[in-house]
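Peer 1: coordinates only, sequence not included:
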């Protein structure tokens, strides 16, 4: 049935873009498979739902705006990986991805953007459920509040692999273990940062602004030339020049951006 008769907010441009792009790619990749028509029908039926429910719109195809989890799956992931799934498991895989995307609609935006940024690492759709558990574990674990007693360690995270010209500027928390980093020259470009213990913090890619976490109760923090001071603690930080911005997590992290660097400095304090 035509999507225009089923959905009040039908987006014909998005539907046409799916047909010209990902659906055509999938159809070509499925040539020779006996279940080709049935699989394309299943894919397009859910794609129609995605457009009708506004999980996919015309902006989902624009590189400047990261899409929703459902859009990422239907535009990029499925056309690439669905042809590798055995015929007797394709409907199960489609249902898993769709249900995960619908659940994420009700979750905080940073969680959706985090998983959308991580899904590029998934290369086998049969591992979707393990991948989802492994990806969610570090962000859903409740982090203990830092005692701010040390010892202090420093990690440097390079932002260039996620956007070649990215220059960190404004930083703010979206959750105790998640930070949003704005590009200093183009505020519409942001990166998400996952704070993890034992110097394992990492960027999870481009994202819309993840929202503001209420200001946490933390000790006084002073960020200066080659040094970060937290309360009575002092951590020497080599090559630490003029600061563009910093944020403090109650879980024991100070994230700083420098005026002359495309990296982030993360000081960790148990």
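Peer 2: Happy to help now that I have it. Just so you know, these numbers come straight off a predicted model, no measurement behind them.
Peer 1: when you work out contacts or count neighbours from here on, use the C-alpha atoms and nothing else.
Peer 2: Will do.
Peer 1: so which residues of the stretch 1-150 of the chain form helices?
Peer 2: 3-6, 12-20, 22-29, 36-52, 69-72, 78-81, 90-105, 109-118, 128-140 (DSSP state H, counting those that start in this stretch).
Peer 1: residues touching the spatially most central residue of the chain, list them.
Peer 2: Closest to where the C-alpha atoms of the chain average out (C-alpha atoms, centre = their mean) is residue 114, at 2.7 Å. If a contact means C-alpha atoms under 8 Å, 6 or more residues apart in numbering, then residue 114 has 192, 204-205, 207 as its contacts.
Peer 1: quick one: residues contacting residue 178.
Peer 2: 110, 139, 192-195.
Peer 1: columns neighbour count and secondary structure on top of the contacts of residue 114, output as CSV?
Peer 2: Below are those laid out as CSV (neighbours: other C-alpha atoms under 10 Å; DSSP: H, G, I helix; E, B strand; the rest coil):
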residue, neighbour count, secondary structure
192, 27, strand
204, 19, strand
205, 20, strand
207, 26, coil
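Peer 1: okay, now the domains of the protein?
Peer 2: Domain assignment of the chain by automatic domain parsing yields the ranges 3-140, 153-268.
Peer 1: quick one: mean pLDDT over the longest one.
Peer 2: Along domain 3-140, the predicted local confidence has a mean pLDDT of 90.
Peer 1: got phi/psi on residue 264?
Peer 2: The phi and psi values for residue 264, taken as degrees, to the nearest 10, are phi -110, psi 140.
Peer 1: I'd say it and residue 255 touch.
Peer 2: Yes: between residue 264 and residue 255 a contact is recorded at 6.8 Å, counting by C-alpha atoms under 8 Å.
Peer 1: ok, which pair from the contacts of residue 114 is furthest apart?
Peer 2: Pairwise distances across the contacts of residue 114 (C-alpha to C-alpha) peak at 8.6 Å, for the pair 204 and 207.
Peer 1: so what sits against both of those two?
Peer 2: With contacts taken as C-alpha under 8 Å, 6+ apart, residue 204 and residue 207 have 114, 117, 191-192 as neighbours in common.
Peer 1: which one of these is nearest residue 13?
Peer 2: residue 117 (24.9 Å).
Peer 1: show me the contacts for that closest one.
Peer 2: Contacts of residue 117 (C-alpha under 8 Å, 6+ apart): 204-207.
Peer 1: redo the residues you listed as a markdown table? Include pLDDT and distance to residue 243.
Peer 2: Output for the contacts of residue 117, formatted as a markdown table (pLDDT from 0 to 100; distance: C-alpha to C-alpha, whole Å):
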| residue | pLDDT | distance to residue 243 |
| --- | --- | --- |
| 204 | 81 | 23 |
| 205 | 80 | 22 |
| 206 | 81 | 22 |
| 207 | 80 | 23 |
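Peer 1: save the residues you listed as TSV, and put in distance to residue 105 too.
Peer 2: Supplementary listing: the contacts of residue 117 in TSV, determined by distance: C-alpha to C-alpha, whole Å:
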residue	distance to residue 105
204	19
205	19
206	18
207	15
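Peer 1: rewinding a little: now the buried members of the contacts of residue 178.
Peer 2: Neighbour counting over the contacts of residue 178 (16 or more other C-alpha atoms under 10 Å) leaves 110, 139, 192-195 as the buried ones.
Peer 1: distance to residue 269 added to those, as CSV?
Peer 2: Shown next, in CSV, are the buried ones among the contacts of residue 178 (distance: C-alpha to C-alpha, whole Å):
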residue, distance to residue 269
110, 24
139, 18
192, 21
193, 17
194, 16
195, 12
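Peer 1: closest one of those residues to residue 89?
Peer 2: For the buried ones among the contacts of residue 178, the nearest to residue 89 is residue 139 (29.1 Å; C-alpha to C-alpha).
Peer 1: next one: the closest residue to the closest one other than its chain neighbours from residue 193, what distance?
Peer 2: Nearest residue to residue 139 in three dimensions, chain neighbours excluded: residue 177, at 6.9 Å (C-alpha to C-alpha, 6 or more residues apart in numbering). Distance of residue 177 to residue 193, given as C-alpha to C-alpha, to the nearest Å: 8 Å.
Peer 1: this completes my enquiry, with thanks.
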